[in-house]
Every structure is written in C-alpha cells, then in structure tokens.
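[1] Prediction below, plus the sequence it came from.
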Amino acid sequence: MVSGARLRHLVTKSPLKYPINWIQHRGLQPSDVFVAAYPKSGSTWLRFLIYQLIRGEPGSFERVNDELPDVGYHAKAPGLLPEGARIIKTHEPYRFSYRRALYMVRDPRDIVISEYHYQIWANIITDRMPFDKFFASFLSGKVNRYGAWDQHVASWLKARDDGRAEVHVIRFEDMKRNAVEVLGSVAAFLNIPASSSLLDAIIEANSVQNMRKMEDQARQGVFKNKSTQTNFVRKGKSGGWRGVLSAHHLAKLESRFGPIMERLGYALESKTSVL
C-alpha cells in the first residue's frame, strides 16, 4: 500500500504538478518575503530563527508552519514584518512572483545524504532503497519535483544578478561557522533591529539539541505517523559527506555540479570528470 506521503510525492512529480503549482502560487503579494532553498539546505532552521527574531520567543513546529508557511498555505499567514509583509517558505526554483527572498544554499554533497534520510523518515522511500540508486536520481534532478540542485541555485542567482528580485544569499556553512553575523545580516535584510546578545540567545534557543526536543514534542501533531527510526532534525552539521561519499560519488557529483559549487565557494575534492 502506498503511503500518503509517497502518493503526494508521486503526484507532484507527475504532469499534475503544473496546475498544482499554479494553484499554490495564487494570492501572493508584491510585499511577500520568501525563505527559499533547495530541500534540505537548512531553511527550517532559518525559519525558526526568524520566528524568534520577530516574536521574541522560541517557536514550535506548529507555530512556525502556521506563521511562516509553505507557499500554497499562505492565504491566512499573518503579516509579521513592517508594513504587514508576510514571510513564506518555498522550495521552488525562482519564479517571477518572488520579488524579495532570503535564499539559503548548502553543499550538495551534504544535501544528498540529508535528503536520502529525510525521504526515509517521511515514508517516501524505504531504507531498502540503495543509496547509489538514490544518488543517481539526485544528480539527474529526479528525487523531488524541484529539479537538479545546480539548476535551482542558478535560477535564483540569475534573478538576483539580473535585478529581477532582491535576493540575499546565505550559506548554511556560514550560519554554522558564524551564526551571529549571518543572522544579523538576515535581521538587517528584514529591517528588524537586533543586538548581538539577542542574536546569541536566539541561536542558543534553536540549537540542534533544542530543535530535536521540539521535534519530539511535535510527534503527536505535525509529525504524527512519521518514522521514529530517524529524525527530521538530524545532525545539522556541515562536511558530514566526508565519511559517507566514496571517491566515485564525489567525482560524479562534482563533475555534474562543480561550476555552481565553485561559484558558491565550495572547494572541489575531485577534478576528475566521470563520463
């Protein structure tokens, strides 16, 4: 029997995704600000940080999903920012209706591992799926409906460079390395005053350990029926790919995504092209 999560996943990868996508994007406003990212790039963590930055208290998965919702669930989203602007999450490549966005990027070598474990957690795939098969689908942009990682990133960078949208790019790795500085830049982009002490407190409240506690509290709500064998909030670290991906994996991935990776400042381990 196909799980509900897998059925939704299959539908959104079918031709039905086009009318569904159109419906999901109705009712957007020019003032909306988007938290955008390819899946498993850290946008959930960023939304929790932004929630506390605005509300002055830690969020929960239910409150963050309600107040900083996914595109398609934004009709009742409150205007959290000055002048009533809403904050909406999207995993979509750039669209013309996205005027202003925080775009979070992450090393694709870590994303492929995180996405694999996420899809097991969400019951989209089983843990019997070989990682090599999933890896090949990731490179070809077929593990989800958002396409290949490099094309997704390129769409947002081009929109920024062409002046079609105001896009503030954030690297997940920089957030891990210097969260106060990066979150401060987010606050400035959103026109929210924030002291260093406030930023420190927000980052501490939304550590990996505390996020996991919030996930445990959500298991009777938004995470009901999800796998308990793994977590939505995993290690939250950068560079974990070093102990997982083989030299062959690295050569294939870097051959496919290398130009965009280098543009974002990710050093390549392999310069060998694999045909």
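    Thanks, I have it. Residues are numbered from 1 along each chain as shown.

[2] switch to C-alpha atoms for all contacts and neighbour counts from now on
    Fine.

[3] which stretches of the stretch 151-275 of the chain have low pLDDT?
    218-236, 271-275 (pLDDT under 70).

[4] could you redo the last one with a cut-off of 50?
    The stretch 151-275 of the chain contains residues with pLDDT under 50 at 223, 226, 231-232, 234, 272-275.

[5] Could you pull out the helices in it for me?
    172-177, 179-189, 196-205, 208-217, 247-263 (DSSP state H, counting those that start in this stretch).

[6] Among those helices, which comes closest to V71?
    Proximity to V71, assessed across the helices of the stretch 151-275 of the chain by Cα to Cα, is greatest for helix 179-189 (20.1 Å).

[7] one step back: among the helices of the stretch 151-275 of the chain, which is nearest A37?
    helix 172-177 (10.3 Å).

[8] Give me the residues contacting the closest one.
    Applying Cα atoms under 8 Å, 6 or more residues apart in numbering, the contact partners of helix 172-177 are 41-42, 104-107, 182-183, 237-238.

[9] could you redo the last one with a cut-off of 7 Å?
    Under the criterion Cα atoms under 7 Å, 6 or more residues apart in numbering, residues 41-42, 104-106, 182, 238 lie in contact with helix 172-177.

[10] Return the subset of the residues you listed lying in strands.
    Of the contacts of helix 172-177, the ones assigned to strands by DSSP state E are 104-105.

[11] Restricting to C-alpha, output stretch 127-134 in PDB.
    As requested, C-alpha coordinates have been extracted for stretch 127-134 and formatted as PDB (Å, rounded to 0.1, in the frame of the first residue of the first chain):
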ATOM      1  CA  ASP A 127      15.500   2.100   3.900                       C
ATOM      2  CA  ARG A 128      15.800  -0.800   1.400                       C
ATOM      3  CA  MET A 129      16.500   1.700  -1.400                       C
ATOM      4  CA  PRO A 130      20.200   1.500  -2.200                       C
ATOM      5  CA  PHE A 131      21.900   4.800  -1.600                       C
ATOM      6  CA  ASP A 132      23.600   4.500  -5.000                       C
ATOM      7  CA  LYS A 133      20.300   4.400  -6.800                       C
ATOM      8  CA  PHE A 134      19.100   7.500  -4.900                       C
END
